[in-house]
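Asks: Based on what follows, work out the 3D shape:
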Amino acid sequence: MAAVSVAAEWQLLYNRYYRKPEIYSMQWKNVDLSRNKVACAPFGGPIAVIRDDSKIVQLYAESALRKLRIFNSAGVQIAETVWRNPGGRLVGMAWTDDQILVCITQDGTVYRYNVHAELIEPNVSMGQECFEQSVVECVFWGNGVVCINEANQLFSIPDFKNPSPCKLADPNLEELPLCAAVIDPQYTMSGNVEVLLGVEDHVLLVEEDGVQQLGVGVGPFQKMVVSRNGKLLASFTHDGRLLVMSTDFSKIIFEYPCESALPPEQLAWCGMDSVLLYWDDMLLMVGPYGDPVRYVYDEPIILIPECDGVRILSNTSMEFLQRVPDSTVSIFKIGSTLPAALLYDALDHFDRQSAKADENLRLIRSSLPEAVETCIDAAGHEFDVSRQRTLLRAASYGQAFCSHFQRDRFQEMCKTLRVLNAVRNHDIGIPLSIQQYKLLTPSVLVGRLINAHQHFLALRISEYCGMNQEVVIMHWACTKITASLAIPDAPLLEILLDKLKICKGISFAAVAAHADKSGRRNLAAMLIEHEPRSFKQVPLLLSIGEEDVALTKATESGDCDLVYLVLYHIWQKRPALEFFSMIQVRPLARDLFINYARCYKHEFLKDFFLSTGQLQDVSFLLWKESWELSKNPMASKGSPLHGPRIKLIEKAQSLFAETKEHMFESKAAEEHAKLLRIQHELEVTTKQAIFVDSSISDTIRTCIVLGNHRAAMKVKTEFKVSEKRWYWLKVFALATIRDWDALERFSKEKRPPIGYRPFVEACIDADEKAEALKYIPKLADPRERAEAYARIGMAKEAADAASQAKDGELLGRLKLSFAQNAAASSIFDTLRDRLSFQGIS
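Replies: Residues are numbered from 1 along each chain as shown. Below you'll find the predicted structure:
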């Protein structure tokens, strides 16, 4: 009998059953759909209602001011606001996929509201052309809209997440199109929106970059609607025919002649299997085969297409017209003997303690897993809770006799139905079917509950489904702060912490940021104390003016990037002395500041060192600055920049001199300044920029090379250059300029303190063997004489000197150096043999 009563509610469209159960009895009062503009969101979303200003209506006990009211799908009011927006008549109103209510007025202004009827700033304009030529029609899809103005031009906002209007190609129409429809960009080849305009006996397909003519001779069309997948188009012609064809007009799927040529008020797809046409008092459902199904209404209705059917909204009820799922048909179809029907019947016999239950189970034993699965699936498609329970009991009963069935499937369905039944409650008013729920996903559902301020249910669903609860709790906390202006900070903090501690690792910083944005800075400071992550805590402390605490937290974390962030912030906002005192007591912050300022902010760093009495550090900075000046391209050819350099070094020297520990640095700075001054004078006199920043030795050598012996002697005297060093420098300088006479005279001034070996090497390096021969005989060490003779290729003399040294190893080395000369090699062999015979080597 139960199966008979269930199937009695179905209507047959050819070979497919449809049902239209009432989901809700509407809770609103005095709402007449015929007097109002109504926008209904898909997926069981909210309903927006506002009095239609294009109609003359009688005002009863209501204000002349229009109100925008928002209800859930059960007619429970969520919010309302007075409509005070300028811009002329309200042309179009619809919900986006993100449940943002979009309202477009005649002047092309786009107003957006959330589910609480709060205006979202800023407003958007469709452009100057829509402002001058009023908008007359709007066609919405998912997250976009197309507007048509009085000049028959088309404008589009492809995505309200980034509302930037664009103009489509001009269709060059003289009159408004008979009808319009939109193909969602996700289903077009170009990825851009395509608009279908019914014009005369054909359709124009308008894109951003062109217009195409389609379906010539098929029209004129009075109404058009595109299927959910963007592949099919249902249209109503001027002679009363319903045509279903592909959106490229290449093929007509089916045609149905209606009884009236009067175009329907509404045309909608019911899933992908049938099309609904609504006239004033009749709803006609037409499929590709068989006779249509008629429903009669004595009140206005609105069709709300869904992915698996159509919700039908009237003044008094909300119904859901859908194709009966195959699993439900197999169980409840009159006379069904399929395994699922017999299992359901077996449960009925079991409840009545009839032996017929066992008989049914025996009949379907081989198909029992299939029957259990069918009962579970049918339960998921039911809105009636008692019927869900019965179907699940039937599945559980069959599962007890089925050892190979996946039991997780049963548990998963129970979990899904608990969620669906919770959100279908009148107070929540989201009548999702299981197919819609799967398409929407649980995370999106939780997000919608949060936006509707149904935080408790959102939290329970998140917990039940194993989802992250942090988003729910954080949104609740932010909403609580906004709504609790009368509650003092301390009690409100306790309330917030009680809930925030439910979720481990939650971001207190985000909640504190919202508190600060809401003007509750003290509460924000109290909340941020509970944030364990420094990288979130410190930036917020800075934003609320708690620089001292921020610097302490940053240094405690040991994160250099965080410390630098705080330092830059305080640097910009605090006086210098106050900044210095803050970092002086924090070693990490002080050291990081010094490292940074040493590279980029010398003057500021000098101020810091002076304020802390670190004179030697100031001196080193001054000395470094003097070197930086030397890199200036202008610091050449006696540039006046050398004067400031010298002054910087002298200033550094005076600061070094104030401490006994830095006497060496003081003396070095003094001599550096003296050397720079002499080098600067030399560059001025010689007009050659070759002295500054060279060493004392290079300065002396350069003076000698230039022939300025007096200047070289002055440098030697000023810097107390030793005689040995002086001789080395002068010998090689004279050899460089090949002044051999001067070199010889210099060697004879007195016995050189460095000996004659440097003279020999200088001559040999200059490839002057004759000059070298003047000094080789003067070498006291026979080994040095032997090696010197060998270097200039004089084998016999080298052998004689080596024999005087009586060094066999030296003879061996010299032989190798004359390996190409057989005669020389024999000389060295003879001498070596003689030394060996004498037992010396």
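Asks: the strands in the stretch 201-350 of the chain, which residues?
Replies: Counting by DSSP state E, counting those that start in this stretch, the stretch 201-350 of the chain has strands at residues 202-206, 211-214, 221-226, 232-237, 241-246, 252-257, 266-270, 274-278, 282-286, 293-296, 301-306, 309-314, 317-323.
Asks: mind checking which of these is nearest Asp184?
Replies: The minimum distance between Asp184 and the strands of the stretch 201-350 of the chain falls on strand 221-226, with 7.7 Å, by C-beta to C-beta. Where you see a C-beta, it was placed from the backbone N, CA and C, and this is true even at glycine.
Asks: Give me the helices and strands touching that closest one, please.
Replies: Strand 221-226 is packed against strand 179-183, strand 194-199, strand 232-237, strand 266-270, with contacts defined by 3 or more C-beta pairs under 8 Å, 6 or more residues apart in numbering; DSSP states H and E.
Asks: what's the spacing between Ile253 and Ser235?
Replies: Applying C-beta to C-beta, to the nearest Å, the value for Ile253 to Ser235 is 11 Å.
Asks: residues shared between the contacts of the two?
Replies: 244-245 (C-beta atoms under 8 Å, 6 or more residues apart in numbering).
Asks: Look at these two and report which has more neighbours.
Replies: Ser235 (26 against 12; other C-beta atoms under 10 Å).
Asks: where does stretch 419-427 sit relative to the chain's centre, distance-wise?
Replies: 35 Å (C-alpha atoms, centre = their mean, to the nearest Å).
Asks: And stretch 107-121, by the same measure?
Replies: How far stretch 107-121 lies from its chain's middle: 27 Å, per C-alpha atoms, centre = their mean.
Asks: Run through who's touching that stretch.
Replies: With contacts defined as C-beta under 8 Å, 6+ apart, stretch 107-121 is touched by 46, 48, 68-70, 78-81, 85-88, 99-105, 123-127, 130-131, 134-135, 145, 147, 149, 155, 157, 160, 163, 451-453.
Asks: Sort out for me which of those are in helices.
Replies: 130-131, 451 (DSSP state H).
Asks: Same list (the residues you listed) but as JSON lines, adding distance to Thr374, neighbour count and pLDDT.
Replies: What follows is the ones in helices among the contacts of stretch 107-121, written out as JSON lines (distance: C-beta to C-beta, whole Å; neighbours: other C-beta atoms under 10 Å; pLDDT from 0 to 100):
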{"residue": "Cys130", "distance to Thr374": "54", "neighbour count": "27", "pLDDT": "91"}
{"residue": "Phe131", "distance to Thr374": "59", "neighbour count": "16", "pLDDT": "92"}
{"residue": "Asn451", "distance to Thr374": "37", "neighbour count": "17", "pLDDT": "93"}
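Asks: Out of those residues, the closest to Gly290 would be?
Replies: Asn451 (42.9 Å).
Asks: so the closest one makes contact with Gln99?
Replies: Yes - the criterion here is C-beta atoms under 8 Å, and Asn451 meets it with Gln99 at 6.6 Å.
Asks: C-alpha coordinates for stretch 583-596, PDB please?
Replies: Only the C-alpha atoms of stretch 583-596 are listed here, as PDB (Å, rounded to 0.1, in the frame of the first residue of the first chain):
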ATOM      1  CA  ILE A 583      67.300  48.900  20.000                       C
ATOM      2  CA  GLN A 584      70.200  49.500  22.400                       C
ATOM      3  CA  VAL A 585      68.700  47.200  25.000                       C
ATOM      4  CA  ARG A 586      68.000  44.500  22.500                       C
ATOM      5  CA  PRO A 587      71.200  43.000  21.100                       C
ATOM      6  CA  LEU A 588      69.700  41.200  18.100                       C
ATOM      7  CA  ALA A 589      67.800  44.300  17.000                       C
ATOM      8  CA  ARG A 590      70.900  46.400  17.600                       C
ATOM      9  CA  ASP A 591      73.200  44.200  15.600                       C
ATOM     10  CA  LEU A 592      70.800  43.800  12.700                       C
ATOM     11  CA  PHE A 593      70.300  47.600  12.500                       C
ATOM     12  CA  ILE A 594      74.100  48.100  12.500                       C
ATOM     13  CA  ASN A 595      74.600  45.600   9.700                       C
ATOM     14  CA  TYR A 596      72.000  47.300   7.600                       C
END
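Asks: Quick check: mean pLDDT of it?
Replies: Here stretch 583-596 scores 73 as its mean pLDDT.
Asks: go on, stretch 311-320?
Replies: For stretch 311-320, the mean per-residue pLDDT is 95.
Asks: what comes up buried for it?
Replies: Across stretch 311-320, burial judged by 16 or more other C-beta atoms under 10 Å covers 311-314, 318-320.
Asks: want to try JSON lines for those residues, with distance to Gly429 as columns?
Replies: Listed next are these as JSON lines, based on distance: C-beta to C-beta, whole Å:
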{"residue": "Arg311", "distance to Gly429": "12"}
{"residue": "Ile312", "distance to Gly429": "16"}
{"residue": "Leu313", "distance to Gly429": "12"}
{"residue": "Ser314", "distance to Gly429": "16"}
{"residue": "Met318", "distance to Gly429": "9"}
{"residue": "Glu319", "distance to Gly429": "14"}
{"residue": "Phe320", "distance to Gly429": "13"}
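Asks: quick revisit: among the contacts of stretch 107-121, name the ones in strands.
Replies: 48, 68-70, 78-81, 101-105, 123-125, 135, 145, 147, 149, 155, 157 (DSSP state E).
Asks: Just the buried ones among those residues, please.
Replies: Here, 16+ other C-beta under 10 Å leaves 48, 68-70, 78-79, 101-105, 124, 135, 145, 147, 149, 155, 157 buried among those.
Asks: can you list the weak-confidence ranges in this protein?
Replies: Low-confidence segments of the chain, defined by pLDDT under 70: 1-4, 60-62, 579-581, 593-594, 596-673, 675, 679, 693, 798, 801-841.
Asks: and if we set it to 50?
Replies: Residues of the chain that meet the criterion pLDDT under 50 lie in 1, 623, 635-641, 837, 839-841.
Asks: Return the distance of the nearest residue to Leu197 once chain neighbours are set aside relative to Val211.
Replies: Closest residue to Leu197 apart from its sequence neighbours, by C-beta to C-beta, 6 or more residues apart in numbering: Pro177 at 4.0 Å. Going from Pro177 to Val211 by C-beta to C-beta gives 12 Å.
Asks: Much appreciated, bye for now.
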